[in-house]
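# Sequence first, then the predicted structure, then my questions.
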Amino acid sequence: MTEAPITIVIASPLEDDLVQRLRAAVAGSARVIHEPALLPVARYAGDHGGARPELDQAARDRWLGLLAQADVLLDFDWLAPAELPRNAPKLRWLQATSSGIGEFMARYGLADSDFTVTTAAGIHARPLAEFVLFALLYFVKDAPGLADAKAARRWQRHTSGELHGRRILIVGLGEVGRQTAATCAALGVEVWGVSRTPRAAPPGGVSRLVPRDGIRAALAGVDGLVLAAPHTAESHHLIGREELWQMPAGSILVNIARGELVDEEALIDALRQNHLGGAALDVAATEPLPPGSPLWALPNVLISPHSASTVAAENERIVELFLRNFRRFTSGEPLINVYEQARGY
C-alpha cells in the first residue's frame, strides 16, 4: 500500500515564484496547497499578516476544508488561530514566519497543542544587525541635527562623533544578538553581551560576558544598550528607571526585541530630560504606537514601525528554512528552532 503524500498548506501570503520553488523541492514526497484567494493580501514584501479577505460561507468552508487536510502548515491560520487544534486535526508541524511567537502562542492557547511549532529565528539576524548599526550611527553622527541644518539652509562646520572605540551592551545573544555583535565589532565597537544560555566563552565579536544579574552595574560603563532578547516573564520591564539612569548621560538605547522589555514611561522621562542621547525603537509597548504617545514628538527618538527585520528577501529565506526543516521532518531528524513553552521562545 502506497503511503499518502504529506499535505503542506500555505497559510499566509507568499509570492508565486516561491510557491513553485517549494513545490519543486518537495515533489514526490508532498503536495503543496496554496490558494491566494483564501489568504490575506500582502501590503508589502514580507507581510505575513496582510489585509484580511472577506470570505463568504463557501470560501470559509473551503479554507476550513484545506486546514483539515494539513499535515504541515507554513504559518499560523489567519482566520481562527485559537481553533487550530480542532480545525487542523492532522497537523503535525507548523513553521512560523516570526521569531518571537511566545505571546501569540499564549494569547491563542496554542502552547499545549500536540503539533510541533518551529520559529523563524535567525532569518532576521542580518537586517536587524544592520538596523542597530544604522541607529547607533544616526545618533553618533547627529543625523537629526544635520536634518535641522539642511531645513534651515545653514552651513556650519562642526565636530562629529565617532562610533569606533565606543562600548555597547547587547542583551540577548541569540542569532540576532551574535550577528549584531559581529557587525558592530567589525567597526571597532567594544561589545559586551548578556546571554540567558550559559556559555563557556563569549561568541565572536563579544569581548565580555555579563551575567543576567549584572546588567545594572554594567550599564554604567557602556555608551549604548541594544535589546535583542525575547519577551518573557523574566525579561518584562528588564530596563526600568534605575537601569536607564544608570546609563551614562548621552548614551543610546536601541530596542529590536519587544517593547515590553522597557518601562516606556521611564524611558520617556529619561529622553525628555535629555539624559539619554537617543533611543531607536523598532518596537513599542503598544503597537501600533498610539498617535498620542509622547515618543512621536521627542527629537531624540528614532521610530521604526516594527519593520527593521522586514526586507525584500525575507520570504525567500523563510522558504529556505522551511525546506531545511522539511528534510529533517521527513527523515525523523530534530527540527531547527523548535518552540519551547518553558522558555517562551
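Yep, it's here.
# Does T180 belong to a helix, a strand or coil?
helix (DSSP: H, G, I helix; E, B strand; the rest coil).
# Nearest residue to it in space, please, no chain neighbours.
For T180, ignoring the flanking residues on the chain, the nearest one in space by Cβ to Cβ, 6 or more residues apart in numbering is A129 at 4.3 Å. C-betas here are computed from N, CA, C, even on glycine.
# which secondary structure elements does the helix or strand harbouring the one you found contact?
Secondary structure assignment for A129, by DSSP states H and E: helix 125-140. Applying 3 or more Cβ pairs under 8 Å, 6 or more residues apart in numbering; DSSP states H and E, we find helix 125-140 packed against helix 175-185, strand 252-255, strand 278-281, strand 301-303.
# now do 7 Å
In terms of contacts (3 or more Cβ pairs under 7 Å, 6 or more residues apart in numbering; DSSP states H and E), helix 125-140 is packed against helix 175-185, strand 252-255, strand 278-281.
# quick one, which of those is packed in tightest?
Mean neighbour count (mean count of other Cβ atoms under 10 Å) peaks for strand 252-255 among those, with a mean of 26.
# so how far is stretch 91-107 from its chain's centroid?
13 Å (Cα atoms, centre = their mean, to the nearest Å).
# I'd like the average pLDDT over it.
The average pLDDT for stretch 91-107 rounds to 94.
# now swap in stretch 177-189 and tell me
Taken as a whole, stretch 177-189 carries a mean pLDDT of 98.
# Mind listing residues that contact that stretch?
The contact list for stretch 177-189, computed with Cβ atoms under 7 Å, 6 or more residues apart in numbering, reads 125-126, 128-129, 132-133, 163-166, 168, 170, 191, 193, 203-206, 226, 228.
# Off-centre distance for the helix or strand just after the helix holding A129?
Next in sequence after helix 125-140, counting helices and strands by DSSP H and E, comes helix 143-151. Its chain's C-alpha centre and that of helix 143-151 lie 30 Å apart, by Cα atoms, centre = their mean.
# what's the angle between helix 143-151 and helix 125-140?
For helix 143-151 against helix 125-140, the angle by axes from the mean of the first three to the mean of the last three Cα atoms, to 10 degrees is 60 degrees.
# Name every strand pairing with the helix or strand that helix 143-151 is followed by and say which way it goes.
Per DSSP H and E, helix 143-151 leads on to strand 167-171 as the next helix or strand towards the C-terminus. Partners of strand 167-171 in the sheet, by DSSP bridges, are strand 190-194 (parallel), strand 224-227 (parallel).
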